[in-house]
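1. Can you look at this prediction? I've put the sequence above it.
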Amino acid sequence: MKNTLPVIDLSKVDHPEERAAFYTELRQTARNIGFFYLVGHGVNLAQIRQMEQQARAFFDLPQAQKNRLNMVHSPQFRGYTGSKEEITRNQPDHREQIDLGAELPVWEHIPEDKPWLHLQGPNLWPDATALPEFKSTVLDYQHTLRQVAIKLLRAFLVALGQPENALDDLIADPAVHLLKLVRYPASAAQADAQGVGAHKDTDILTLLLQDEVGGLQVQTDEGWIDVPPLQDAFVINIGEILELATNGYLRANVHRVITPQGQQDRYSIAYFLAPNLNSHVTLLNLSTELKQLALGPEADPNNPMLQQLGANSFKSRLRSHKNVADKYYPQTYPQTRNAS
Ligand SMILES: O=C(O)CCC(=O)C(=O)O
Ligand SMILES: [Fe+2]
């Protein structure tokens, strides 16, 4: 069983003499495994430390302060979710988290046939007297990670023989993304419990920063394999939209997190590059050689992808956060409510 994932150095794209080999390596890695570590990403380590420190400080707030930010207060699906409130594959996830999206005003006059525009709006921020640096740290980190994610997306496109701007419609302004700060409480009694259940990421690309505890696993043809921590590298996973756009040449991998064993909680910070709410999936025109390997996206009958990407994002939020869905959108996409 393989237990080492490839390491891709993004800085090679900036060196003309290394570029061709880099694209080949990126294409093969993405195709064969779909999960890899990214180094040479250029993010300042001080910025990473600051983000980690603020995430920990957030989870250290008194429970009552976190509860005031509960997502149930946000029609935009922003804010805090307590342990076991989120459901994946019909099972509760043993993790607490705060979801922070693009900080934008709510959309005015939303037509009935575009309910997904409700996803745009403000975040729920912790009290600035308790955490004065939290908001600026989050917004700066989102901004930086977006640049890295777009650089990587463009590298993928060139590696697939496409113009680097082939998917620029998806990342057009107003920007959409999600930063999720997560804490998985350690529990010797519940070791092996579901930290987060098996899933694919729905968006374009995910850049994940995990701490030294471990517990992330990815599903491969040979079964589940560990994704052990690699200091200051991002774990990259391909989202369903890239799987769809490449007609399955790239695969969105199924992954999960096992509850940490022992005494130490696990923290992770996931940045999801998400599509513009008004965009649609574009099918890339791959070369004949690549097309032969693109066998179509994996259809999940319980969770069909929608071509209209705002609708797709909205549906995925409704499924994961049923309390928010029931409170604000009881009539929207009722068919998705009972899906796993
Ligand atoms: O915490 C992790 O390592 C993974 C989190 C994850 O897969 C997700 O939130 O989509
Ligand atoms: Fe994920």
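-> Perfect, thanks for sending it. Ligands and ions are numbered 1, 2, ... in the order given.
2. End to end on stretch 31-46, go ahead and measure it.
-> 33 Å (CA to CA, to the nearest Å).
3. Around whatever residue of the chain ends up closest to ligand 1, how many other residues sit close by?
-> Among all residues of the chain, residue 268 sits closest to ligand 1, at 3.4 Å; criterion: CB to the nearest ligand atom. C-beta coordinates here come from the backbone N, C-alpha and C atoms, glycine included. Look at residue 268: counted by other CB atoms under 10 Å, it has 25 neighbours.
4. Over to it. Which of the three states is it?
-> Per DSSP: H, G, I helix; E, B strand; the rest coil, the local secondary structure of residue 268 is strand.
5. which helices and strands sit right next to the biggest helix by length in the chain?
-> Secondary structure of the chain per DSSP state H: the longest helix is helix 134-159. On a contact count with 3 or more CB pairs under 8 Å, 6 or more residues apart in numbering; DSSP states H and E, helix 134-159 meets helix 16-32, helix 45-59, strand 176-184, strand 205-210, strand 266-274.
6. now the ones you listed as TSV including mean pLDDT?
-> Below are those laid out as TSV (pLDDT from 0 to 100):
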stretch	mean pLDDT
helix 16-32	93
helix 45-59	98
strand 176-184	97
strand 205-210	98
strand 266-274	98
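7. Flag every residue of the stretch 151-300 of the chain that's near ligand 1.
-> 180, 182, 196, 201, 208, 210, 216, 255, 257, 268, 270 (CB under 6 Å from any ligand atom).
8. Of those, grab the buried ones for PyMOL.
-> Buried residues among those (16 or more other CB atoms under 10 Å), as a PyMOL selection:
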select buried, resi 180+182+196+201+208+210+216+255+257+268+270
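9. Dump the residues of the stretch 151-300 of the chain next to ligand 1 to a markdown table, plus distance to residue 297.
-> Converted to a markdown table, those look like this (distance: CB to CB, whole Å):
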| residue | distance to residue 297 |
| --- | --- |
| 180 | 24 |
| 182 | 27 |
| 196 | 22 |
| 201 | 14 |
| 208 | 22 |
| 210 | 27 |
| 216 | 23 |
| 255 | 17 |
| 257 | 24 |
| 268 | 26 |
| 270 | 22 |
